[in-house]
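whatever this is, show me its structure:
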Amino acid sequence: MSHIVVIGAGQAGASLVAKLRADGFDGDITVIGAEMDPPYQRPALSKAYLLGEMERERLFLRPRDWYDANNITLRTGTRAVSVDGAAKTVKLEGDEVVAFDQLAFTTGSHPRQLPSDIGGDLGGVYSVRDLADADALTPEFTAGRKVLIIGGGYIGLEAAAVAAKRGLDVVLVEMADRILQRVAAPETSDYFRDLHTSHGVDIREGVGLQRLVGTDRVTGAVLSDGTELNIDFAIVGVGIYPASVLAETAGVVCADGIVTNRYGQTSVDGIWAAGDCATLDWHGTQIRLESVGNAIDQAETVAKNMMGANVAYAPKPWFWSDQYDCKLQIAGLNMGYTDIVVRKTGAAQSHWYYKGDTLIAVDAMNDPRNYMIGKRLIEAGKSPAKATIADPETDMKALLRA
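Model (predicted):
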């Protein structure tokens with residue numbers, strides 16, 4: 001009987017094995033995950049869970065007994081140390097060896113850490129990537145305490161929003177000229193800068209961290225402009241990198257992630273990859289899509305192809321972020337944009353990215369209607385004139401019929 005092994009018990013891994021069973025795969029399935037918990041939602045960790053608005057059990061994508069009921073061997077708290085692509089075996093800690101017929105890497109990504117020589121290994125310095133991180137952080141969120149957030153991307157801003165809502169004194173530093181510089185237009189940066197400032201967050205752009213100060217635990221920080229801060233703890237949100245080291249042990253080609261073709265196949269026969277750890281073809285360029293939507297969709301495509309469907313993966317990128325009472329929804333990828341069109345409808349606002357005359361992405365702030373319209377336009381390859389989008393009198397829904 002065929003045996004499929006999935007390394008990585010996150011959103012992609014859970015989606016892949018659920019799709020295998022839903023589509024009738026009746027062989028053996030083993031999921032190997034280093035964390036003790038069954039697969040769970042990660043986006044909520046820096047939002048509702050950290051705020052105390054979501055109970056731990058609600059994070060889990062499925063109860064543990066679902067895996068038993070579907071004859072899926074879920075091995076949590078188990079770390080794979082190497083994969084032999086030729087022999088088709090996985091070596092686990094403790095030297096146990098598991099054989100497979102096909103294998104999928106859904107290993108996700110790791111947060112970038114601060115170097116130890118600038119205080120990155122001091123107590124009270126946190127990332128927000130997994131459940132253990134969020135659980136360790138929760139006791140720190142006491143009103144009146146001072147937190148330094150390093151990095152002005154979405155993770156840093158979400159953590160700042162939680163801290164401000166919990167009554168903490170928040171300073172956020174971003175080494176680039178503006179927050180969200182890597183991922184969004186200046187108009188979107190301006191929107192979120194104003195939002196955070198209105199909630200009392202001290203945002204300092206063009207300012208980096210020189211070093212954290214403390215003996216065993218962080219007590220202060222020195223910034224690149226010479227400013228010295230007294231702080232109670234720090235949160236690091238300076239990006240992530242793909243968890244591809246294990247794939248390299250199998251002889252799989254990796255380049256800023258596990259390289260896959262349109263079907264999710266790696267360079268080694270019988271080995272696949274999906275989710276944050278995997279690169280995919282986007283109009284001739286290998287990219288990684290760090291999102292829940294991609295983790296689900298790519299993993300489900302890989303599941304089909306492991307069963308012989310030979311279906312090419314066609315990404316439909318979408319993302320979201322919750323900060324205070326603002327829900328940001330993003331459709332498409334804004335790489336290479338040349339123009340931004342701002343559309344305001346009352347309190348709702350959306351930013352439409354164009355590359356020449358082609359609509360490629362939309363940022364929608366508390367504007368779910370225009371987000372959905374933009375998403376459908378992009379997926380249909382339709383690009384309304386910029387002036388049409390900017391005109392507040394435009395019947396946006398009619399653009400879908402044009």
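
run the chain-centre distance for the worst-scoring helix or strand of the chain on mean pLDDT.
Using mean pLDDT, DSSP states H and E, helix 48-51 stands out as the lowest-scoring helix or strand of the chain, at a mean of 89. Remark: helix 48-51 is offset 16 Å from the chain centroid, using Cα atoms, centre = their mean, to the nearest Å.

cool, stretch 262-275 as well?
20 Å.

export it to CSV, keeping only CA atoms.
Only the C-alpha atoms of stretch 262-275 are listed here, as CSV (Å, rounded to 0.1, in the frame of the first residue of the first chain):
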residue,chain,number,x,y,z
ARG,A,262,3.8,24.4,-11.9
TYR,A,263,2.6,21.1,-10.3
GLY,A,264,4.3,21.4,-7.0
GLN,A,265,7.0,18.9,-7.8
THR,A,266,10.6,19.5,-6.6
SER,A,267,13.7,18.5,-8.5
VAL,A,268,13.6,15.0,-6.8
ASP,A,269,11.1,12.5,-8.1
GLY,A,270,8.4,11.7,-5.7
ILE,A,271,9.0,14.8,-3.5
TRP,A,272,6.7,17.8,-3.5
ALA,A,273,6.4,21.1,-1.6
ALA,A,274,3.7,23.6,-0.7
GLY,A,275,3.2,26.7,1.4
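
show me which positions of it end up buried.
Residues Tyr263, Gly264, Gln265, Thr266, Ser267, Val268, Ile271, Trp272, Ala273, Ala274, Gly275 are the ones in stretch 262-275 that count as buried (16 or more other Cβ atoms under 10 Å). All C-beta atoms are positioned from the backbone trio N, CA, C, and that covers glycine.

average model confidence for the helix or strand following the least confident helix or strand of the chain?
Downstream of helix 48-51, the next assigned helix or strand under DSSP states H and E is helix 56-59. Averaged across helix 56-59, pLDDT comes to 94.

and the helices in the stretch 101-250 of the chain, which stretches?
Shown for the stretch 101-250 of the chain, the helices assigned by DSSP state H, counting those that start in this stretch span residues 131-137, 154-165, 186-198, 245-249.

what's around the closest residue to Gln286 other than its chain neighbours, how many residues?
Among residues not flanking Gln286 along the chain, Thr279 sits closest, at 4.2 Å (Cβ to Cβ, 6 or more residues apart in numbering). For Thr279, the tally of surrounding residues (other Cβ atoms under 10 Å) stands at 22.

tell me how far Thr279 lies from Thr197.
Note on Thr279: its distance to Thr197, by Cβ to Cβ, to the nearest Å, is 37 Å.

ok, Ala136 next?
Distance from Ala136 to Thr197, counting by Cβ to Cβ: 28 Å.

same deal with Trp318?
The gap separating Trp318 from Thr197 is 28 Å, by Cβ to Cβ.

just Thr188 next, same as before
Using Cβ to Cβ, we find Thr188 at a distance of 15 Å from Thr197.

neighbour count winner among these two?
Set side by side, Thr188 and Thr197 show more neighbours around Thr188, with 24 against 11, by other Cβ under 10 Å.

quick one on the thing from earlier: name the helices or strands packed onto the helix or strand that the residue nearest to Gln286 is a member of?
If you go by DSSP H and E, Thr279 is part of strand 278-282. Contacts defined by 3 or more Cβ pairs under 8 Å, 6 or more residues apart in numbering; DSSP states H and E place strand 278-282 against strand 258-259, strand 285-287.

what sits against Lys355?
Gly336, Tyr337, Thr338 (Cβ atoms under 8 Å, 6 or more residues apart in numbering).

could you dump the buried residues of stretch 262-275 to JSON lines with secondary structure?
Below are these laid out as JSON lines (DSSP: H, G, I helix; E, B strand; the rest coil):
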{"residue": "Tyr263", "secondary structure": "coil"}
{"residue": "Gly264", "secondary structure": "coil"}
{"residue": "Gln265", "secondary structure": "strand"}
{"residue": "Thr266", "secondary structure": "coil"}
{"residue": "Ser267", "secondary structure": "coil"}
{"residue": "Val268", "secondary structure": "coil"}
{"residue": "Ile271", "secondary structure": "strand"}
{"residue": "Trp272", "secondary structure": "strand"}
{"residue": "Ala273", "secondary structure": "strand"}
{"residue": "Ala274", "secondary structure": "coil"}
{"residue": "Gly275", "secondary structure": "coil"}
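
quick revisit: Asp391 is nearest to which of the helices of the stretch 101-250 of the chain?
In terms of Cβ to Cβ, the element of the helices of the stretch 101-250 of the chain nearest to Asp391 is helix 186-198, at 17.4 Å.

which other helices and strands contact the closest one?
Partner elements for helix 186-198 (3+ Cβ pairs under 8 Å, 6+ apart): helix 154-165, strand 202-205, strand 318-323, strand 326-332, strand 339-345, strand 348-355.

each with direction, which strands does the next helix or strand after the last one pair with?
So that's strand 348-355. Going down the chain from strand 348-355, the next helix or strand is strand 358-365, by DSSP H and E. Paired strands of strand 358-365, with direction, are strand 326-332 (antiparallel), strand 348-355 (antiparallel) (DSSP bridges).

buried sites along strand 358-365?
Leu359, Ile360, Ala361, Val362, Asp363, Ala364, Met365.

which among the residues you listed gets closest to Thr285?
Scanning the buried residues of strand 358-365 for proximity to Thr285, where the rule is Cβ to Cβ, the winner is Ile360, at 13.7 Å.

any idea how far Gln329 is from that closest one?
16 Å.

can you check Ala312 too?
Note on Ala312: its distance to Gln329, by Cβ to Cβ, is 26 Å.

ramachandran coordinates for the nearest residue to Arg288 once chain neighbours are set aside?
Of all residues beyond its chain neighbours, the one nearest Arg288 is Gly257 (4.8 Å), with distances taken as Cβ to Cβ, 6+ apart. Gly257 adopts backbone torsions of phi 130, psi 170, taken as degrees, to the nearest 10.
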